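# coordinates only, sequence not included:
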Ligand SMILES: N[C@@H](CCC(=O)N[C@@H](CS)C(=O)NCC(=O)O)C(=O)O
């Protein structure tokens, strides 16, 4: 059986679990032995990256590399469209989420706890998140990708949007959500794999906020 090393509130682990759920691939989930940066974990997963997949002799990191591998290995319940342009657009959505939207959210991470929050950093993060949400809205409006199917590019995007929504009013000020993004969020949450993952994952998100004193 596939083994996946995960940590409790990791956004990228939730992203991967959505794909595993949608594809109905059995997997065992284990915490990194000795902790994330431990010698023991690094001896198995040299990059120390979480999530990490172990499939027989293969050790693979980066949620997107893992997703592409699983898509090829388990073509049932495909998560890439059957057209060249569709696949390119799904991959663009993944990369936008991993390299633009999530890094904007990540700017807030050192400032989640109110006790150590720097107001200017929050203002900057809010501006960057807003910029990324506006761009996502335009991209969604232009995208021909149907929403009644879950694509690889949706997995990280929806988890990141759920974190942004949780932070709104608690870590960052209110956001002006583009209508296209609000609609997309609602549509993604209707997919069974997303709904089931969010039901399991949201308590971890809330626990993180409690531990930071942000709820
Ligand atoms: N691009 C990576 C990012 C994953 C990531 O940032 N993982 C964090 C946990 S959410 C991590 O591994 N932190 C420990 C480290 O970087 O050593 C992916 O898609 O897997």
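Noted; the coordinates are in hand. Everything quoted here is computed from the prediction, not taken from an experiment.
# any idea of the mean pLDDT in the helix or strand hosting residue 43?
If you go by DSSP states H and E, residue 43 is part of helix 39-44. Averaged across helix 39-44, the pLDDT comes to 98.
# next SSE downstream of it?
strand 52-55.
# get me the contact residues on the protein for the ligand.
10, 11, 12, 36, 48, 49, 50, 62, 63, 64, 98 (CB under 6 Å from any ligand atom). Any C-beta I mention is one placed from the backbone N, CA and C, and that applies to glycine too.
# list buried residues within those residues.
10, 11, 12, 49, 50, 62, 63, 64, 98 (16 or more other CB atoms under 10 Å).
# pretty sure the last one is touching residue 65, no?
No. With contact defined as CB atoms under 8 Å, residue 98 does not reach residue 65; the gap is 11.0 Å.
# about what we covered before: so which of the buried ones among the residues of the chain next to the ligand are in helices?
Of those, the ones assigned to helices by DSSP state H are 11, 12, 63, 64.
# dump those to CSV, plus pLDDT.
Listed next are those as CSV, based on pLDDT from 0 to 100:
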residue, pLDDT
11, 98
12, 98
63, 98
64, 98
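# now the two most distant members of those.
The most widely separated members of those, counting by CB to CB, are 11 and 64 (13.1 Å).
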